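> Model the structure of this input:
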Amino acid sequence: MSDLKNQEQKIKLVILGLENAGKTSILDLLKQKTEVTLRKPPDMYPTKGVERRSLFQGKIMVWDLGGQEVYRNDYLANPESYFKEISFCYYVVDIQDYYRLAISTMYFMGVFNLIKRYSPDARIVLLFHKMDPDYNPSTRNLKEIFLEKIEPFMQNNDTSFMSYDTTIFDLNSIKTAFSKEVLQLAKLLD
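I've put the predicted structure just below:
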């Protein structure tokens, strides 16, 4: 029984990205704390610092890292406090925020290097979020631009990743992004 308890403590999922990317909304939908309609997105407030919560009947401990610059700087300056013993890293990219894509790309690369150092076996999952029903990408959408920047970087570090298009208006898009690996691992603990 103690082995199971130790395994549960090691299942740490970190979700991060810039502020307003939709990290907390995603988690709230997974916990079914909010209802989303096409007319009214949920009222959300920015995460301050780190909010810890459990998912999937307490099997996964989620660290929701606030994306404001002051917090991002703290995570990067004190990586051992945040990036140690991670099983899954979910990085959320707001595909509608053209003006901040370069910042998001640089932040991902910085975080990735620290995760590789402190949690070398962590699985990396990219969520291209806000792929909303009314979203109309330009000729070169932000997902393609982001991937062009990070794919060579990931290959140079011999790391694979999964990516999913998500929106709060389609709960299945979010469930799919979490079900592939996280739920499979959680089921192993039953």
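> what packs against the helix or strand hosting residue 70?
Of the helices and strands defined by DSSP states H and E, residue 70 is found in helix 69-77. Contact partners of helix 69-77 among helices and strands, from 3 or more Cβ pairs under 8 Å, 6 or more residues apart in numbering; DSSP states H and E: helix 101-118. No exception for glycine: its C-beta is placed from N, CA and C like everyone else's.
> and for the helix it packs on, what are the contacting residues?
Contacts with helix 101-118, where a contact means Cβ atoms under 8 Å, 6 or more residues apart in numbering, come from 14, 16-18, 21, 72, 75-76, 79-80, 83-86, 89, 91, 93-94, 97, 122, 124, 142, 145-146, 149-150, 153-154, 157, 159.
> Neighbours of residue 99, how many?
By the criterion of other Cβ atoms under 10 Å, residue 99 has 6 neighbours.
> whoops, I mixed them up, residue 20
The number of residues packed around residue 20, counting by other Cβ under 10 Å, is 18.
> Likewise for the one 10 residues further on?
Other residues within reach of residue 30, judged by other Cβ under 10 Å, total 19.
> Could you number the chain from 4 rather than 1 from now on?
Taking 4 as the first residue, the last one we looked at is residue 33.
> Can you list phi and psi of it for me?
Dihedral angles of residue 33 (phi, psi; degrees, to the nearest 10) stand at phi -60, psi -40.
> related to what we said a few turns ago, so the helix holding residue 73 versus helix 104-121, what angle?
Interaxial angle, helix 72-80 versus helix 104-121 (axes from the mean of the first three to the mean of the last three Cα atoms, to 10 degrees): 30 degrees.
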